[in-house]
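*Asks:* would you be able to build a 3D model of this:
(one chain, ligands or ions: 1)
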Amino acid sequence: MNIQEIRKDFPILHQEVFGHPLVYLDNAATTQKPQCVIDTIRHYYEKDNSNIHRGVHSLSERATKDYEATRETIRGFFNAKSTKEVIFTRGTTESINLVASSWGGANIGKDDEILITHMEHHSNIVPWQMLCERTGAKLKVIPMNEAGELDLVAYAELLNERTKLVGVVHMSNALGTINPIADMIQQAHQVGAKVLVDGAQAAAHIPTDIQALDIDFYATSAHKMYGPTGVGVLIAKEALLNAMPPYQGGGDMILMVTFEKTQYNALPHKFEAGTPNIAGVIGFGAALKYIQNIGFDAIMQREKELLNYATKKAQAFAGLKQIGIAKDKACVLSFVLDGVHPHDLGTILDHEGVAIRAGHHCAMPVMQFYKVPATARASFSIYNTEAEVDALFEALEKARNMFA
Ligand SMILES: Cc1ncc(COP(=O)(O)O)c(C=O)c1O
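*Replies:* Numbering: from 1, shown residues only. Okay, here's the model as predicted:
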């Protein structure tokens with residue numbers, strides 16, 4: 001993989017911040033966008049902008065064709081069984097809320113149990129808490145160890161015939177841990193529970209075969225995969241979707257409306273009420289093709305090299321404590337530095353041109369587990385270089401000296 005060639009695809013990287021070349025290490029929050037994605041969105045607005053599905057004119061036909069073509073691209077990318085199983089949403093958060101509200105509302109009752117992990121993003125906690133409040137179901141948590149790995153013995157013990165859903169993050173945004181979802185899904189299915197996989201972080205780093213893994217519900221966001229913000233996907237088994245009530249009512253999700261009764265549209269449209277983010281969806285398609293052109297073998301190998309390089313530097317850096325050292329992890333270096341609050345660190349690093357994230361990463365229970373208010377997090381992507389990792393540690397050195 002030629003990193004310098006890849007960097008040329010991302011115009012935003014070529015700028016200075018406070019007189020330093022930008023070092024963008026906040027990829028877990030959102031990735032940057034390659035020129036092909038920007039061009040695709042621009043082309044749509046310049047040539048094809050129009051509403052989809054209902055139009056009889058050429059622009060609407062083109063927009064509809066490109067929108068639906070992305071559905072097929074997504075189906076292929078994640079190996080879903082059919083495009084009927086691919087529902088466009090605003091992102092991971094909305095996908096999970098859709099499942100909690102629609103499937104959860106129809107299938108979860110008092111004393112049922114929903115099992116999630118200690119390392120979930122708030123997006124995969126709060127919708128289930130809200131469902132539990134409405135239904136009287138119980139939220140249970142799979143614990144983790146100091147390294148940031150799930151306790152699979154405890155998981156097996158927590159699973160029982162009352163468990164109706166297991167919600168698990170494929171890759172933790174706060175720790176980088178990659179969870180053993182294949183085994184976890186099998187175990188959940190043995191007690192008849194459905195599984196929702198939060199793929200927000202993993203989707204750009206690890207190939208995910210939804211059929212091979214037998215995932216019931218899969219949620220992810222385009223913006224973490226080099227695509228635009230405000231668009232994502234829910235992929236779910238057709239039989240489950242067919243049995244679920246619509247999430248929102250409105251245009252496009254209907255076949256026939258009278259004041260007495262509405263007949264809902266077929267899948268996937270039943271779950272896509274209102275004018276969607278058409279440009280975003282089409283841009284998402286371009287982003288997935290960009291990933292496919294590079295290929296996951298090259299992506300995984302490169303990102304592993306980078307993480308190893310950064311991890312070695314972190315281990316040698318006095319006063320730095322890594323948060324999350326799972327054996328199986330990707331692309332995230334979360335840490336605290338003795339005597340420097342992560343927020344101060346974030347500001348000092350920004351003045352050196354280095355963009356990291358400091359905070360709870362929308363995973364407050366992870367912070368509670370490690371008894372820290374926040375961590376600093378550098379997260380890497382295919383366009384990052386060893387020189388940028390060096391710049392991160394040089395900036396950390398400055399911060400450490402300032403507070404010494
Ligand atoms: C693991 C994980 N889940 C869910 C989300 C929420 O994604 P979005 O804000 O795109 O809906 C994120 C975003 O940071 C995440 O990292």
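
*Asks:* now do the strand or helix carrying Glu397: which elements does it pack against?
*Replies:* Element membership of Glu397, judged by DSSP states H and E, is helix 386-402. Judged by 3 or more CB pairs under 8 Å, 6 or more residues apart in numbering; DSSP states H and E, helix 386-402 is in contact with strand 23-24, helix 296-316, strand 332-337, helix 342-351, strand 354-355. Where you see a C-beta, it was placed from the backbone N, CA and C, and this is true even at glycine.

*Asks:* which among those is found nearest to the ligand?
*Replies:* strand 332-337 (9.7 Å; CB to the nearest ligand atom).

*Asks:* chain center to that closest one: distance?
*Replies:* With CA atoms, centre = their mean, to the nearest Å as the basis, strand 332-337 stands 20 Å off its chain's centre.

*Asks:* same deal with stretch 162-175?
*Replies:* In terms of CA atoms, centre = their mean, the centre of stretch 162-175 is found 12 Å from the chain centre.

*Asks:* nearest residue to the residue in the stretch 251-400 of the chain that the ligand sits nearest to in space, please, no chain neighbours.
*Replies:* Nearest residue of the stretch 251-400 of the chain to the ligand: Cys362, at 5.9 Å (CB to the nearest ligand atom). Leaving aside its chain neighbours, Cys362 sits nearest to His122 (4.5 Å; criterion: CB to CB, 6 or more residues apart in numbering).

*Asks:* do you know the pLDDT at that neighbour?
*Replies:* Looking at His122, its pLDDT stands at 98.

*Asks:* go ahead and confirm it touches Ala363.
*Replies:* Yes. Look at His122 against Ala363 with CB atoms under 8 Å: they come within range, at 6.9 Å.

*Asks:* who's more crowded, those two?
*Replies:* More crowded of His122 and Ala363, by other CB atoms under 10 Å: Ala363, with 25 against 15.

*Asks:* okay, the closest residue to the more buried one other than its chain neighbours and the ligand: tell me how far apart.
*Replies:* For Ala363, ignoring the flanking residues on the chain, the nearest one in space by CB to CB, 6+ apart is Ala174 at 4.0 Å. Note on Ala174: its distance to the ligand, by CB to the nearest ligand atom, to the nearest Å, is 8 Å.

*Asks:* count the neighbours of Ala174 for me.
*Replies:* By the criterion of other CB under 10 Å, Ala174 has 30 neighbours.

*Asks:* also Met367?
*Replies:* By other CB under 10 Å, neighbour count at Met367 equals 17.

*Asks:* kindly report the same for Arg134.
*Replies:* Residues near Arg134, counting by other CB under 10 Å, number 13.
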